[in-house]
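J.: Okay, structure incoming, though there's no sequence with it:
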């Protein structure tokens, strides 16, 4: 009887310990994921202006006031999008054109009042990413996301993280959208899908 009681007590303690470990690990995993997303966003913000400057048709995409209209698109993270927008606005201008940065929900960005010069994806796993990619292709504008996996979904630009952080371009999307990037930029960018060398 005593052994049985001890076994039951030990089992309960073991189960409680595992549950406690799960409760502790879940927030830590979420924090790690958030920190990783923030690092990707930081790297993406560093490279995004280079994508814009490499667009050979950029001057044809100015709004009626001569600004580069950029959409910062999120699903439910308005605060994060505001931080990104503020950092981009600090750049002031690209190739002599001042920036105008607008924050939009992903669904609203599918029906814009004005056509942007480019779209920056500010949140991973957007529900309407496929539709945004299609919009970018139809309008011939850059769709950029720093998040892993979005390049396979068809965004025209992203980043690749190895020993260095490099721009990454979706060659299929570039061709389908008619986007022309400067040859120098394409030489340093990592292509997706990978081009196999014989």
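T.: The structure has been received and is ready for your questions. As the structure is a computational prediction, the values presented were derived from the model and not from experiment.

J.: residue contacts, the residue nearest in space to the middle of the chain?
T.: Central residue of the chain (Cα atoms, centre = their mean): residue 145, 2.6 Å from the mean position. Shown in contact with residue 145 (Cβ atoms under 8 Å, 6 or more residues apart in numbering): 44, 120-121, 129, 151, 155, 157-158. Placement of C-beta: from N, CA and C, glycine included.

J.: same check, this time on residue 146
T.: Per Cβ under 8 Å, 6+ apart, neighbours of residue 146: 40-41, 43-45, 47, 121, 158-159.

J.: Wait, a helix at it?
T.: No. The assignment for residue 146 is coil, going by DSSP: H, G, I helix; E, B strand; the rest coil, so no helix is present there.

J.: ok, which stretches of this structure are helices?
T.: 2-54, 78-89, 129-139, 171-177, 183-188 (DSSP state H).

J.: max-length strand in the chain?
T.: If you go by DSSP state E, the chain has its longest strand at strand 97-105.

J.: Tell me the strands beside that strand, with direction?
T.: strand 68-74 (parallel), strand 93-94 (antiparallel) (DSSP bridges).

J.: would TSV of those with mean pLDDT and distance to residue 187 be doable?
T.: Below are these laid out as TSV (pLDDT from 0 to 100; distance: least, Cβ to Cβ, whole Å):
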stretch	mean pLDDT	distance to residue 187
strand 68-74	97	24
strand 93-94	94	20
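
J.: Burial-wise, tell me which of those strands comes out on top.
T.: strand 68-74 (a mean of 24; mean count of other Cβ atoms under 10 Å).

J.: List of residues touching it?
T.: Contacts for strand 68-74 (Cβ under 8 Å, 6+ apart): 52, 58, 61-63, 80-81, 84-85, 88, 93-94, 97-106, 109, 112, 114-123, 126, 132.

J.: can you rerun that using 7 Å?
T.: For strand 68-74, the surrounding residues in contact (Cβ atoms under 7 Å, 6 or more residues apart in numbering) are 52, 62-63, 80-81, 84-85, 88, 94, 97, 99-106, 109, 114, 116-123, 132.

J.: One more: stretch 158-171?
T.: With Cβ under 7 Å, 6+ apart, stretch 158-171 has contacts from 43-44, 47, 50-51, 144-146, 150-151, 154-157, 181, 186, 188-192.
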